[in-house]
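Asks: Just need the structure, nothing else, for what follows:
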Amino acid sequence: QVQLVESGGGLVQPGGSLRLSCAASGFTFSSYVMTWYRQAPGKERELVAFISSLGGSTNYADSVKGRFTISRDNAKNTVYLQMNSLKAEDTAVYYCKVHNGFKDYWGQGTQVTVSS
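Replies: All right, here's what the predicted structure looks like:
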């Protein structure tokens, strides 16, 4: 079955960096677009970034453009989100998602808190 497991979240000071990972299993990872979302307290879940199946194309929300970088390692079935210059408003639970043509699959999320 499809499984997505996020890791790498934590508490970081404003201006700091974190790298999130999402380990995937149960499907042909290299065939699918992978997406990162986030959900802050009291807000709707929002798309952060996505990457094409072979990694040649990426897209970002305006709020993270220039600060976050999405990448993937198809040999390791893992997608990453490098987050630099973090701000308090980046505080959220971060999720990875895959759509396999029939339905969406989500990980359990990893908490990122940006605070001094």
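Asks: Confirm for me that Glu46 is in contact with Thr35.
Replies: No: taking contacts as C-beta atoms under 8 Å, Glu46 lies outside contact range of Thr35: 11.0 Å. Bear in mind the C-beta positions are built from the backbone N, C-alpha and C, glycine included.
Asks: Neighbour count for the two, which is higher?
Replies: Thr35 (21 against 13; other C-beta atoms under 10 Å).
Asks: what bridges to that one?
Replies: As for beta bridges, Thr35 partners with Phe50, Lys97 under DSSP bridges.
Asks: how near is it to Gly42?
Replies: As judged by C-beta to C-beta, to the nearest Å, Thr35 and Gly42 stand 22 Å apart.
Asks: And for Thr58?
Replies: Going from Thr58 to Gly42 by C-beta to C-beta gives 29 Å.
Asks: Between those two, which is the more surrounded one?
Replies: Thr58 (14 against 5).
Asks: Show me what that one is bridged to.
Replies: Beta-bridge pairing for Thr58 (DSSP bridges): Ile51.
Asks: and what of Ser7?
Replies: Ser21.
Asks: residues touching the residue lying closest to Cys96 once chain neighbours are set aside, list them.
Replies: Take Cys96 and drop its neighbours on the chain: the residue closest to it by C-beta to C-beta, 6 or more residues apart in numbering is Cys22, 3.5 Å away. Neighbouring residues of Cys22 by C-beta atoms under 8 Å, 6 or more residues apart in numbering: Leu4, Val5, Glu6, Ser7, Met34, Trp36, Thr78, Val79, Tyr80, Leu81, Cys96, Gly107.
Asks: what do you get if the cut-off is 10 Å, keeping everything else the same?
Replies: Contacts for Cys22 (C-beta atoms under 10 Å, 6 or more residues apart in numbering) come out as 4-8, 34-36, 72, 77-81, 94-98, 107, 110.
Asks: Could you look up the SS state of the closest residue to Ser71 other than its chain neighbours?
Replies: Residue nearest to Ser71 in three dimensions, not counting chain neighbours: Tyr80, with 4.9 Å by C-beta to C-beta, 6+ apart. What DSSP: H, G, I helix; E, B strand; the rest coil gives for Tyr80 is strand.
Asks: Appreciated, that's everything.
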